[in-house]
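Enquirer: please work out how this folds:
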Amino acid sequence: AAMAVAAALLCAATVCGLARGEPAPSSGSGPGSSRCRQPYLEDQFTGCIVDRRADLPLIRPGATFEVFAAEHYLTAVGRIAEWLSFTHMGLWLRETSGGQGERMSVVLEYAAIKFGDKALFPDTGPGGELLWDNRAKVAWYPEANKTEWLGKAKLMRVGTVGSIALEKWFRWVLDWSGDRQGYNLWSIWDRPDVAGARRLLPDSICHTFVEDGLAEMYRLGAQLDQEEPICRNYFSFIDAASSLRTVDILDKSVHEDVTTFYRDFKGLIDRPYKDLLQFGRSVVDLVSSLRQPHFYVYQVTSSGALPTYWLANLSRPYFSVHINQRMILPWQNVSLATRSECKRRTSLPPDAATAGVLEPILV
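Expert: Modelled structure (predicted):
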């Protein structure tokens, strides 16, 4: 149990991938499944990758779809993930028009292609170079391949979308995915509570895709009317002065500082914790020990762009322990947000030692 929080955090950090071990779509898996393209099967990633419009299912003219946000605790770390509120999210689109055999029903998600700690922390090469592997893609699955997962997921019906808006949204997905070729767990905000705060640097995880996807779907004309908060995971650092800037990793002094920072931060994750508050305090201790409290974020956008290292000079409380907060969605009244609306258990119960998590899990 001592390693449980680190295990769950590492799993969440490489998360968003329920693609492992799931059956590959076949021509009998429902409408659109024959368009499935799976270039990463060697990495045990069975999702249907989305790089171009032809990779997505066809939409019948005049069709109507129900839109659900689907949330699932991370099963890779068992009940620990539930206690610590680490979840995976995707969007489920279920056609409600047409005959039973021709209805399209698919789950879309954003996922890291190959799990490992290099999605979070770089290895150091023989020449001192920083080596990452945070490749990520949007993928889809026929509902038939997600039946068991959906059956255990928390489903929130968000509204409906018509064929014209959904076709536009599919094309937006291509642009969104193209600009998020790298998985990034961390985000930078100017305050701990996201409602009313300014997002200085977004994360790039499964929850980001759901939040951005719902917001764009609404702008394109979908009838989204769910007023209950749709909660998500945030792993956010605080920069109240909005000092965020890029740094030149080719500069020797910058390279040395970035290398040392990630080495120390990785060591922090590997320590035993009993709850998120203790982890948060350790983060505060780490950044407080620096000459100037700061945090580095490695960001990969499009495949044609060079990776970027961002530097944020942090402000107290440095790291937000409010892991679960609402999504910021354009049709909802964010002024109604309360700190307790997404509150879940954030500490380990007495029987955590029997939960079966004995060491950090890298999947």
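Enquirer: only C-alpha atoms for contact and neighbour calcs from this point on.
Expert: Will do.
Enquirer: helices of the chain, start to end?
Expert: With DSSP state H, the ranges of helices along the chain come out as 4-13, 79-84, 147-152, 163-178, 206-219, 252-269, 276-288.
Enquirer: looking at these, which is nearest to residue 326?
Expert: With Cα to Cα, the closest approach to residue 326 among these belongs to helix 206-219: 9.5 Å.
Enquirer: one step back: now, of the helices of the chain, which is deepest in the fold?
Expert: Among those, helix 4-13 has the highest mean neighbour count (mean count of other Cα atoms under 10 Å), at a mean of 26.
Enquirer: that one - what's its average pLDDT?
Expert: Regarding helix 4-13, the rounded mean pLDDT is 52.
Enquirer: could you report the pLDDT at the residue of the chain most remote from its centre?
Expert: In the chain, residue 99 marks the outermost C-alpha relative to the chain mean, sitting 34.5 Å out by Cα atoms, centre = their mean. Per-residue pLDDT puts residue 99 at 79.
Enquirer: before we move on, back to that, out of the helices of the chain, nearest to residue 302?
Expert: Short answer: helix 163-178, nearest of the helices of the chain by Cα to Cα, at 5.5 Å.
Enquirer: quick one: closest of the helices of the chain to residue 315.
Expert: helix 276-288 (10.0 Å).
Enquirer: what inclination does that closest one have with respect to helix 252-269?
Expert: Compare the direction of helix 276-288 with that of helix 252-269 by axes from the mean of the first three to the mean of the last three Cα atoms, to 10 degrees and you get 160 degrees.
Enquirer: picking up where we left off before, out of the helices of the chain, flag the one nearest residue 310.
Expert: Residue 310 lies closest to helix 252-269 among the helices of the chain, at 10.2 Å (Cα to Cα).
Enquirer: low-confidence ranges, this protein, go.
Expert: 1-34, 74-85, 115, 344-363 (pLDDT under 70).
Enquirer: show the contacting residues for residue 98.
Expert: residue 63 (Cα atoms under 8 Å, 6 or more residues apart in numbering).
Enquirer: from residue 157, how far out is it?
Expert: 20 Å (Cα to Cα, to the nearest Å).
Enquirer: now do residue 151
Expert: Going from residue 151 to residue 157 by Cα to Cα gives 14 Å.
Enquirer: verify the contact between residue 89 and residue 72 for me.
Expert: Yes. With contact defined as Cα atoms under 8 Å, residue 89 counts as touching residue 72 (6.4 Å).
Enquirer: what about the two, which has more around it?
Expert: residue 89 (30 against 21; other Cα atoms under 10 Å).
Enquirer: quick one, what contacts that one?
Expert: Residues in contact with residue 89, defined by Cα under 8 Å, 6+ apart, are 16, 69-72, 109, 206-207, 210.
Enquirer: for the residue nearest to it when sequence neighbours are not counted, name its beta-bridge partners.
Expert: Spatial nearest neighbour of residue 89, excluding adjacent residues (Cα to Cα, 6 or more residues apart in numbering): residue 71 at 4.5 Å. Assessed by DSSP bridges, residue 71 has beta-bridge partners residue 89, residue 154.
Enquirer: measure how buried residue 71 is and give me the count.
Expert: Residue 71: 23 surrounding residues under other Cα under 10 Å.
Enquirer: if I pick it, what's in contact with it?
Expert: Taking Cα under 8 Å, 6+ apart, we find residue 71 in contact with 87-90, 153-155.
Enquirer: quick check: bridge partners of the nearest residue to residue 318 once chain neighbours are set aside?
Expert: Nearest non-adjacent residue to residue 318, counting by Cα to Cα, 6+ apart: residue 238, 4.9 Å away. Counting by DSSP bridges, residue 238 forms beta bridges with residue 189.
Enquirer: any idea how far residue 290 is from residue 238?
Expert: In terms of Cα to Cα, residue 238 sits 15 Å off from residue 290.
Enquirer: neighbour count winner among the two?
Expert: Higher neighbour count among residue 238 and residue 290: residue 238, with 26 against 10, using other Cα under 10 Å.
Enquirer: list the contacts for the closest residue in space to residue 60 that isn't next to it in sequence?
Expert: Nearest residue to residue 60, sequence neighbours excluded (Cα to Cα, 6+ apart): residue 163, at 6.9 Å. By Cα under 8 Å, 6+ apart, the contact list for residue 163 reads 59-65.
Enquirer: okay if I get those as TSV plus distance to residue 184?
Expert: Listed next are the contacts of residue 163 as TSV, based on distance: Cα to Cα, whole Å:
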residue	distance to residue 184
59	31
60	35
61	36
62	37
63	35
64	33
65	30
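Enquirer: can you turn the buried part of these into a ChimeraX selection?
Expert: In ChimeraX syntax, the buried subset of these is picked out as below (16 or more other Cα atoms under 10 Å):
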select :59,60,63,64,65
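Enquirer: and the furthest pair within the contacts of residue 163?
Expert: Maximum pairwise distance in the contacts of residue 163, criterion Cα to Cα, is 11.7 Å, between 61 and 65.
Enquirer: nearest the middle, which residue of this structure would you pick?
Expert: Central residue of the chain (Cα atoms, centre = their mean): residue 205, at 2.1 Å.
Enquirer: could you measure from it over to residue 57?
Expert: 23 Å.
Enquirer: can you check residue 282 too?
Expert: Using Cα to Cα, residue 282 is found at 46 Å from residue 57.
Enquirer: count of residues packed around residue 95?
Expert: By other Cα under 10 Å, neighbour count at residue 95 equals 24.
Enquirer: brain fart, residue 194
Expert: 21.
Enquirer: that one reaches residue 322, doesn't it?
Expert: No. Using Cα under 8 Å as the test, residue 194 is too far from residue 322 to be in contact (9.5 Å).
Enquirer: before I go, just wanted to say thanks for your time.
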